[in-house]
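>>> structure for this input, please:
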Amino acid sequence: EEIALKAGLTKGALYFHFRSKEDILYEMISRTLAQSVANVAITARTARTPEEFFEAIVRFNVKSGIYHERNNLDFWVQAMSYSRIRKLINLRYRELVEIFARAVLPRYGSTQAARRQLAVFTLSLADGLCVRRVFDTGIVNFKSQTRLFRAISSCAIGGKEYKC
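This is a model prediction of the structure:
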């Protein structure tokens, strides 16, 4: 009823387009993830460093307001309870990893597998910061986190650690 009301539809009209609440949730998530993949694909046209990808992911999350959603964590937990939606989320996440791994410079990993792991790390860090921001909006400063990520990644190139 809430969705129909906010969409300016009757429940009947809403269910004409969607068979179930799961279908509505699937469509919402599919669109959100498509935007995320498109954002990373656009970034990959010019970005070649983990820092550039991290900054683009954070910018997208801030712009889209993903971390502002009061019930964001509940939303994703509920979504993951449906195997069809969990498969979609994992498929899109793997697409993000591949886009990143293909675009990032080889000096950040001598093999495609190493660059994939760097992609997972970078995406997970951005995701984690967004989740932390949901819990405590006052503790996460994305500009500071981006500077910190830039400093850390400049100290470790290609799996070798350097003193900064």
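
>>> which secondary structure element of the protein has the lowest mean pLDDT?
The helix or strand of the chain with the poorest confidence is strand 160-161; it has a mean of 54 (mean pLDDT, DSSP states H and E).

>>> next up, the contacts around Thr46.
Glu52 (C-beta atoms under 8 Å, 6 or more residues apart in numbering). No exception for glycine: its C-beta is placed from N, CA and C like everyone else's.

>>> quick one: which helix or strand includes it?
Counting by DSSP states H and E, there is no helix or strand that carries Thr46.

>>> read off the pLDDT value for it.
pLDDT recorded at Thr46 is 93.

>>> and Asn39, by the same measure?
Note for Asn39: predicted pLDDT of 90.

>>> any idea how far it is from Ser83?
Distance, Asn39 to Ser83, by C-beta to C-beta, to the nearest Å: 26 Å.

>>> cool, and Lys11?
Counting by C-beta to C-beta - Lys11 and Ser83 are separated by 26 Å.

>>> neighbour count: the two, which is higher?
Lys11 (11 against 8; other C-beta atoms under 10 Å).

>>> spatially nearest residue to that one (excluding sequence neighbours)?
Ala4 (4.8 Å; C-beta to C-beta, 6 or more residues apart in numbering).

>>> check for me that the one you found belongs to a helix.
Yes - Ala4 sits within a helix when classified using DSSP: H, G, I helix; E, B strand; the rest coil.

>>> shouldn't it be in contact with Phe16?
No - if you go by C-beta atoms under 8 Å, Ala4 and Phe16 don't touch, sitting 10.8 Å apart.

>>> joint contacts of these two?
Joint contacts of Ala4 and Phe16 (C-beta under 8 Å, 6+ apart) do not exist.

>>> neighbour count winner among those two?
Set Ala4 next to Phe16 and count neighbours by other C-beta under 10 Å: Ala4 wins out with 15 against 10.

>>> pull the residues that contact stretch 1-21.
Residues contacting stretch 1-21 (C-beta under 8 Å, 6+ apart): Ile24, Glu27.

>>> buried sites along it?
Across stretch 1-21, burial judged by 16 or more other C-beta atoms under 10 Å covers Leu14.

>>> swap in stretch 44-51?
Ala44, Ala47, Thr49, Pro50, Glu51.

>>> kindly report the same for stretch 52-63.
In terms of neighbour count (16+ other C-beta under 10 Å), stretch 52-63 has its buried residues at Glu52, Phe53, Phe54, Glu55, Ala56, Ile57, Val58, Phe60, Asn61.
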